[in-house]
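> Turn this into a model:
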Amino acid sequence: MTTEPAIRTRALRKTYRSFTLREVVAVEGLDLDVPVGGVHAFLGPNGAGKTTTIRMLLGLVRPDSGSIRVLGHDFPDGLERAVAGVGAIVEQPRFFPAFSGRRNLLLLARGIGGSERAVDALLDQVGLGARGGDAVRKYALGMRQRLAIAATLLKDPRLLIFDEPTNGLDPEGIHDVRRTMRDLADQGRTVLVSSHALGEVEQVADTASIVVRGRLVASGPVAELVGASAASSVRVRVSQPAVAVGLLSAQGWGVRQDGDVLVVDGAPDPSVVSQVLAAGGVHPSELALVRPDLESVFLQLTGSDRGAVVAP
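Residues are numbered from 1 along each chain as shown. This is a model prediction of the structure:
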């Protein structure tokens with residue numbers, strides 16, 4: 001039996017009017033499927049329509065056309081029931097800076113009817129158990145982000161949506177947020193995360209969708225997206241790059257040069273590259289296989305649109 005996705009959109013479209021009254025397309029015919037459970041990365045260049053899509057999924061923005069189904073509920077009729085099972089961080093989290101992290105969560109729990117008894121457990125879950133009594137003004141940005149995640153968990157949501165949760169964080173903060181998202185997914189929750197930190201996303205995401213100019217260009221398990229990209233290359237460092245380029249190009253391989261480092265595309269494996277160079281009297285000082293990663297897939301799919309800003 002096929003499990004229904006946690007999120008499904010079909011032919012989703014949203015336009016805005018610019019200050020010149022020109023119609024700006026933010027999302028165009030988007031078909032998005034986010035499977036139940038695990039971390040799903042929502043990727044795209046600036047202006048690809050990621051934030052607009054997330055706002056539509058939360059009922060903050062009304063689409064021009066198309067359909068949205070979240071946690072088994074169709075919008076707009078089932079919006080209230082769907083949102084009851086969703087926790088989200090879309091903007092910079094705001095707390096009372098003079099209050100402790102624990103007191104902030106207690107106040108939020110009372111406001112939304114969440115469990116006050118769960119506050120201490122949630123602080124421990126996001127790694128703030130030892131700092132729950134400290135004033136939020138003393139928290140680093142990464143700690144505030146983890147406190148925000150704890151706040152989203154107060155109503156025990158099945159689906160969590162995070163829009164650029166690692167923006168502005170230092171490496172330690174990024175690592176902490178990444179680990180927290182992974183832990184949440186391992187508990188059986190679904191996590192949708194929009195992010196530009198592709199290296200971090202690849203370490204935590206199970207599946208991904210890539211959008212360009214409001215349209216879906218690729219979607220599926222991260223391993224399959226990476227595996228479907230261009231073949232691996234061979235990185236080689238030589239003392240005679242000009243000679244090496246001639247030898248390797250003669251094999252019909254693509255060769256890109258950066259000083260004494262060459263990247264060879266199309267070679268079957270590093271050992272064959274080494275044999276060709278050795279036969280021509282060139283001996284590499286470094287030889288390595290360069291495997292494709294999520295960032296290379298992203299750049300391959302969005303490279304022609306990098307820097308194109310359409311809408312939020």
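> Downstream of the helix or strand hosting Thr51, the next helix or strand is which one?
Under the criterion of DSSP states H and E, Thr51 resides in helix 50-57. Later in the chain than helix 50-57, the nearest helix or strand by DSSP H and E is strand 65-70.
> longest helix of the chain?
Longest among the helix segments of the chain by residue count, using DSSP state H, is helix 171-186.
> what helices or strands is that helix leaning on?
Using 3 or more Cβ pairs under 8 Å, 6 or more residues apart in numbering; DSSP states H and E, the elements in contact with helix 171-186 are strand 38-43, helix 141-152, strand 159-163, strand 190-194, helix 198-204. In this view, the C-beta of every residue, glycine as well, is placed from N, C-alpha and C.
> Pull out the buried residues from the last one.
When neighbours are counted by 16 or more other Cβ atoms under 10 Å, the buried residues of helix 198-204 are found to be 198, 200-202, 204.
> okay, among the residues you listed, which ones form the most distant pair?
Spanning the widest gap among the buried residues of helix 198-204 are Leu198 and Val204, at 11.1 Å by Cβ to Cβ.
> which of the buried residues of helix 198-204 lies closest to Gly87?
Nearest member of the buried residues of helix 198-204 to Gly87, counting by Cβ to Cβ, is Val204, at 17.3 Å.
> quick one: pLDDT of the closest one?
Per-residue pLDDT puts Val204 at 90.
> Surely it and Arg182 touch.
Yes - counting by Cβ atoms under 8 Å, Val204 does reach Arg182; the two are 5.1 Å apart.
> overlap in contacts of those two?
Val39 (Cβ atoms under 8 Å, 6 or more residues apart in numbering).
> Tell me which stretches of the protein form helices.
Listed in chain order, the helices of the chain (DSSP H) span residues 50-57, 79-83, 101-112, 119-125, 141-152, 171-186, 198-204, 222-227, 241-249, 270-279, 294-302.
> of all those helices, which lies closest to Pro63?
Using Cβ to Cβ as the measure, helix 50-57 is the one of those that comes nearest Pro63, at 5.2 Å.
> List the contacts of that closest one.
By Cβ under 8 Å, 6+ apart, helix 50-57 touches 7, 9, 12, 14, 26-27, 30, 32, 42-44, 61-63, 68, 70, 88, 90, 161, 163, 192, 194, 211, 214, 311-312.
> now swap in stretch 113-121 and tell me
102, 105-106, 108-110, 129, 132, 153-156.
> for that stretch, what is the average pLDDT?
Mean pLDDT, computed over stretch 113-121, is 84.
> Compute the first-to-last residue distance for that stretch.
With Cα to Cα, to the nearest Å applied, stretch 113-121 spans 17 Å between its terminal residues.
> And the contacts of helix 50-57, which of them are buried?
Burial by neighbour count, 16+ other Cβ under 10 Å: within the contacts of helix 50-57 this picks out 7, 9, 12, 14, 26-27, 30, 32, 42-44, 61, 63, 68, 70, 88, 90, 161, 163, 192, 194, 211, 214, 311-312.
> In the stretch 51-200 of the chain, where is pLDDT below threshold?
Low-confidence segments of the stretch 51-200 of the chain (pLDDT under 70): 197.
> Mind doing that once more with 80?
Across the stretch 51-200 of the chain, the ranges flagged by pLDDT under 80 are 91-93, 113-115, 196-200.
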